[in-house]
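J.: Structure for the following, please:
(chains A and B)
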Amino acid sequence: MAGLLLLVGREATAHSMGVVYNLPIPFWMYAFAASAALALSFLMVGFFVTVQGAERNFRSIEIPALVPPVAITSLRGASIFLFALTILTALFGTPFPLANFSLTFFWIVFVLGFAYLTAVIGDLYALVNPWRVLFDWVERFLPYAFRARVRYPDWLGYYPAFALYMAFIWLELFGHASPRTFGVILLAYGALTFLAASLFGANAWFRYGELFSVFFRLLGKIAPIAYVARGSKILVRLRQPFVGLIEESADHPSLVIFVLFMLSSTAFDGVHETLPWVQVFWKNIYPLLSALIVRPYIFFVGLYYDWQWAMLWLSPFVYLAIYLFFIVAMKLVTGTPRSVRDLALQFAFSLIPIAFVYNVTHYYTLLATDAPRLLPMISDPFGVGWDLFGTARMELQPTTLLADGVWHTQVGLILVGHIVSVYLAHAQALRLFATSRKALSSQLPMLVLMVAFTTVGLWILSLPIAAGQVQDPLPASSSVMPAAIASMPVLRDSG
Amino acid sequence: MIAKTTLFALAGVTLTCALWWAFKPARTDDPASAPVAAPISTGVVTEARAGVPEPSNHALSTGERVFELALRKGRLISGPERLEVHEGDSVVLEILSDTSDELHVHGYDLRARIKPDEAVKLRFTATRTGRFGLELHRAHAELGALEVYPR
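T.: Modelled structure (predicted):
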């Protein structure tokens, strides 16, 4: 009971770390952006009617041996240092989340900041992945530690990474892990990575199973920079931004679901605390259930969270069903001999720009407001009173961005992401279909799908946010419900 | 090819701008809603008086917004959950609670000590736009949110 109440109280914070200060975008801006997305899509169709080919965008330049080995070594050193510091501060630092280095560093700097950096400078994670560094050290003494003992099964594909991604988003939205718990989870994840890599080999596991490797590899395709390993040298390849997304296609259905979960998890995070969404349960489902089952109110509060989790885990499959519907439509419109499975694989990566801008519009304000907290923390990462660099007692003014600017940035980013996705899908279609006429007609279902995803993203941004997760179901007859609340112990906290 | 690309890019930008102008609502320039220039945290006054709050005089001056929040056991029993104001409004929160606690307005980082059965006033100017949680620290509860919309 007390545990449940604690859960209810904790749910007040919208994200694992920090609070998003975004106001819902005004209706006119939503209407503007949705019509602009539609109009620009048609303009793109017009463009491809006149310009039949996009191949000149796929040229790239390789710069030999541009990344000096010393840079790689020091980046790997920094990676291991930050990794160790995160685990140590999580396990042995202050239990107060806002004063502990680990949580802010992981959720804000790594998950948000590093992801956005990856989209600009390419998949650096593949080079500095701390587990990879550790494994390389182990292999100096045990050369065969991370060679495959069992061949990685083809059917498994990227499902391990997808399952871990679902667990990760759950932890982000609902876990509210204390630093200690978070440290234990990181260690457990490390143990899993270690075991899986020694079973299937490090290369197979980092390609298919390790969540962050897969996630950052996909985001790195957006960047104009790619890193190519040639023996022991790392070469830099320059290309136009975003074209990395159609240099290769998804090689397994599980990767399609992974990409769709990138979209649906952010959409779910955006919607799950809005007033209309919260009311679906409390205004529609709750009255029905409470008529059927006689249970105290708190039981339904628990059920509400189960329902939220179920919706999160269901979301990628709903998006998959929608995606496949439009892929089938594409097959019917073009009459192509290519299979639905093949088409679904070929067009999956063209959705990544939409997924990426969804993510940026939802979280970039969090990065701006919460990253400054790291400044005092670097002087006192454990929260025990150190002052290494003289910044520990810094008084930080709360940073908030102006709502007007945030709205315009959000809408602008969503439009850019939409246009890029539409462009990539067209360019991909021109390569897949024999005639440009077929290629263009194949893009009509795709266009509807992308306008739908973009409009949903905008619509979610425009929804009013609920004041709390748990709604008072019977505000008029206050004698029933508040009595249940009143009988519950009020939580006291020393902090 | 390059000429065509440029042409379409220009057409796209023009189209987007035109749509933006078409949808953008006309600015209301009535003086009553003009932003009130006021310093931020220096305008904070916390007053505590014993007993019941006196009947509050809503809209004392231009752009002043008064919200009365009544709390029981760390929960809001009367008053709005969403306090919608506009940038530049001066905001007055009148809080009456049966338990002692601390109210925290996020973003503005204002804190008001709440004593049992004593009306507490928190007065500030809404200079930052955005959505800011109102949190009761001891009860660990989110009371609602202050939503400051731009003018």
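J.: element containing residue 95, please.
T.: In the absence of a named chain, this looks at chain A. Per DSSP states H and E, residue A:95 falls between elements, in no helix or strand.
J.: switch to chain B, that's the one I care about
T.: In this structure, residue B:95 is located in strand B:90-97 according to DSSP H and E.
J.: neighbouring contacts of that strand?
T.: B:36, B:38, B:43, B:52-53, B:56, B:61, B:63-72, B:74, B:83, B:85, B:103, B:105, B:112, B:114, B:116-126, B:146 (Cβ atoms under 8 Å, 6 or more residues apart in numbering or on different chains). C-beta here means a position set from N, CA and C on the backbone, and glycine is covered the same way.
J.: where are the low-confidence patches of chain B?
T.: Across chain B, the ranges flagged by pLDDT under 70 are B:27-62.
J.: can we see that at 80?
T.: Applying pLDDT under 80 to chain B flags the ranges B:1, B:27-63, B:139-141.
J.: Then chain A?
T.: Using pLDDT under 80, the flagged stretches of chain A are A:1-20, A:50-59, A:64-66, A:231-232, A:395-400, A:467-495.
J.: those strands in it, which residues are they?
T.: Here chain A has its strands, by DSSP state E, at A:60-63, A:225-230, A:233-239.
J.: Just say which of these is most tucked in.
T.: Mean neighbours per residue, mean count of other Cβ atoms under 10 Å in any protein chain shown, is largest over these for strand A:233-239, with a mean of 16.
J.: Not counting sequence-adjacent ones, nearest residue to the residue of the stretch 301-450 of chain A found nearest chain B?
T.: Closest to chain B within the stretch 301-450 of chain A is residue A:403: 3.6 Å, counting by Cβ to the nearest Cβ. Spatial nearest neighbour of residue A:403, chain neighbours left out: residue B:129 (3.6 Å); criterion: Cβ to Cβ, 6 or more residues apart in numbering or on different chains.
J.: for residue A:261, same thing?
T.: residue A:316 is the one closest to residue A:261 (Cβ to Cβ, 6+ apart), at 3.9 Å.
J.: The one you found and residue A:256 touch, don't they?
T.: No: using Cβ atoms under 8 Å, residue A:316 is not in contact with residue A:256, being 9.7 Å away.
J.: ok, back up a step: show the contacting residues for the residue of the stretch 301-450 of chain A closest to chain B.
T.: A:22-23, B:129-130, B:148-150.
J.: try 7 Å this time
T.: By Cβ atoms under 7 Å, 6 or more residues apart in numbering or on different chains, residue A:403 lies in contact with A:23, B:129-130, B:149-150.
J.: With respect to residue A:90, which of the residues you listed is nearest?
T.: Set against residue A:90, the nearest of the contacts of residue A:403 by Cβ to Cβ is residue B:130 (30.2 Å).
J.: contacting residues around the residue nearest to the closest one when sequence neighbours are not counted?
T.: Counting by Cβ to Cβ, 6+ apart, residue B:130 lies nearest to residue A:21, which is 3.9 Å off, once chain neighbours are set aside. Residues in contact with residue A:21, defined by Cβ under 7 Å, 6+ apart, are A:365, A:369, A:400, B:107, B:130-132.
J.: who wins for most neighbours among those?
T.: residue B:130 (27 neighbours; other Cβ atoms under 10 Å in any protein chain shown).
J.: residues from the stretch 51-200 of chain A in reach of chain B?
T.: Within reach of chain B by Cβ under 7 Å from any Cβ of the partner chain, the stretch 51-200 of chain A has these residues: residue A:51.
J.: And the residue of the stretch 51-200 of chain A closest to chain B?
T.: Closest point on the stretch 51-200 of chain A to chain B, by Cβ to the nearest Cβ, is residue A:51, at 5.4 Å.
J.: show me the contacts for that residue.
T.: So residue A:51 contacts B:1, B:4 (Cβ under 7 Å, 6+ apart).
J.: repeat for residue B:108
T.: B:124, B:128, B:132.
J.: nearest to chain A, of those residues?
T.: Once Cβ to the nearest Cβ is applied, the member of the contacts of residue B:108 that ends up nearest chain A is residue B:128, at 4.9 Å.
J.: Quick check: the closest one vs residue B:148, distance?
T.: Distance, residue B:128 to residue B:148, by Cβ to Cβ, to the nearest Å: 6 Å.
J.: who has more neighbours, the two?
T.: Neighbours per residue (other Cβ under 10 Å) separate residue B:128 from residue B:148, with residue B:148 holding more: 25 against 19.
J.: So what pairs up with that one in the strands?
T.: residue B:85, residue B:130 (DSSP bridges).
J.: got a list of what it touches?
T.: By Cβ under 7 Å, 6+ apart, the residues touching residue B:148 are B:85, B:87, B:126, B:128-130.
J.: Name the residues of chain B found near chain A, please.
T.: Residues of chain B lying near chain A (Cβ under 7 Å from any Cβ): B:1, B:4, B:8, B:11-12, B:15-16, B:19-20, B:23-25, B:73-75, B:81-82, B:106-107, B:109, B:128-133, B:135, B:138-142, B:144-145, B:147, B:149-150.
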